[in-house]
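Participant: what would the 3D arrangement of this be:
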Amino acid sequence: MPAKIPATVVTGFLGAGKTTLIRHMLAHAEGKRIALIINEFGDLGVDGDILKGCGDETCREDDIMELSNGCICCTVADDFIPTMEKLLAREDAPDHIVIETSGLALPQPLVQAFNWPEIRTRVTVDGVVTVVDGKAVSEGRFAHSVAAVDAQRKLDENLDHETPLSDLFEDQIACADMIVVNKSDLLDEAEAAALTGKLKAEARAGVQVIRAAMGALPVDVLLGQGASAEDDLDARSAPHHHHHDHDDEDDHDDHHHHHDHDDFESFTVTRPEISDAKAFAEQVAQVIRSHDILRLKGFAAVSGKPLRLTLQAVGPRVDSYFDRPFGGEEPRETRLVVIGQSGLDRAAIDAALRA
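Facilitator: Below is the predicted model of the structure:
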């Protein structure tokens, strides 16, 4: 059976920066063929035109499919499933599918739709990425303009849930595999640290909360999470404690900052072959936890084993398997690529992985 095509769900309120994040991802796709499903509707829908204008071969016009009949979680059977079937039926299937939801979409029903018989054997939810407006949330709101979100709600005739914004925000956080605090350049360090800590406390264990400005994140951070989110829906439900009300309108002007994105770094650690694959995977997981590493990938030579051990880690979850024999001229060594936000203690990480 061929491997399932991974799909990433990008969710978040109107104005959080979902489209900007996706455009940056397409511009730095590193050769990945990415198909987009965009859930836009009403007069506010401009995402499709924006993305079609990106001019990159990784987002050709026929790789972009728009769902304009309303909130994606309310039109799963009539809209989303047929669109997915059409996409999966192509001879030149994409390497990855990215779904940008409406700002009003509940992510859980969409993830559940990946268990429908028509598609469940062919595609899997690689991860749910929730984009939040860091400035707005830190000021006690959920969106830059609550009025715009309410206008979007009124335009959607097919919307069959009147979820309060506070509950919808909880749903987006509860379902996330990664939370992106966008517009973090508008926060000072104390505000950013406080918000990141708060979101980590509200999210499920192991969910990564990372900062971004203008949606600029490496494709290796966004894609390849391997979450299989459709298999653990029970863990992705929000408790909906009604003890706060952040739905205040705001009159703040929008901020537009253009700057170089230099908030992430990666480096390679090389060491001799290892003696015990299981013990080494546990060692890697401990190093990741100690140093807040986002991703780690690479391979290892294991004493007495002719096959190469491949390792891939997202946060503290480490997956490993033997993939192929070492080539005749290929050195029997261990090479790991470490990816994280800037400021990693390279010397300490190198020493811990080589111990």
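
Participant: ok, then the element right after whichever strand or helix holds Pro109?
Facilitator: In this assignment (DSSP states H and E), Pro109 forms part of helix 107-113. Downstream of helix 107-113, the first helix or strand assigned by DSSP H and E is strand 123-133.

Participant: what's the first helix or strand after that following strand?
Facilitator: That would be, after strand 123-133 and using DSSP H and E, helix 134-138.

Participant: so how far is Ser184 from the closest residue in space to Gly224 that isn't next to it in sequence?
Facilitator: Distances taken as Cβ to Cβ, 6 or more residues apart in numbering put Asp126 closest to Gly224, at 6.8 Å, once the chain neighbours are dropped. Every residue, glycine included, has its C-beta placed from N, CA and C. In this view, Asp126 and Ser184 are 24 Å apart by Cβ to Cβ, to the nearest Å.

Participant: before we move on, what about Ile173?
Facilitator: Between Ile173 and Ser184 the distance is 17 Å, computed by Cβ to Cβ.

Participant: can you count the residues close to Ile119?
Facilitator: 21 (other Cβ atoms under 10 Å).

Participant: quick check, it in contact with Ala89.
Facilitator: No. Ile119 is beyond contact range of Ala89, at 10.8 Å (criterion: Cβ atoms under 8 Å).

Participant: so which strand or helix has Ser320?
Facilitator: Secondary structure (DSSP H and E) places Ser320 in strand 317-325.

Participant: can you give me the buried ones in that strand?
Facilitator: Val318, Ser320 (16 or more other Cβ atoms under 10 Å).

Participant: for stretch 272-280, same thing?
Facilitator: So stretch 272-280, judged by 16+ other Cβ under 10 Å, has buried residues Glu273, Ile274, Ala277, Phe280.

Participant: so what's the spatially closest residue to the last one that is not a sequence neighbour up against?
Facilitator: Right, Phe280. In this structure, Phe280 finds its nearest non-sequential neighbour in Ile274, 4.5 Å apart by Cβ to Cβ, 6+ apart. Counting by Cβ atoms under 8 Å, 6 or more residues apart in numbering, Ile274 touches Phe280, Ala300, Ala301, Val302, Ser303, Leu309, Thr334.

Participant: which strand residues bridge Ile274?
Facilitator: Taking DSSP bridges as the rule, Ile274 bridges to Val302.

Participant: show me where the stretch 151-300 of the chain has its helices.
Facilitator: 165-175, 189-202, 219-222, 277-291 (DSSP state H, counting those that start in this stretch).

Participant: mind checking the pLDDT average for the last one?
Facilitator: Confidence over helix 277-291, taken as the mean pLDDT, stands at 92.
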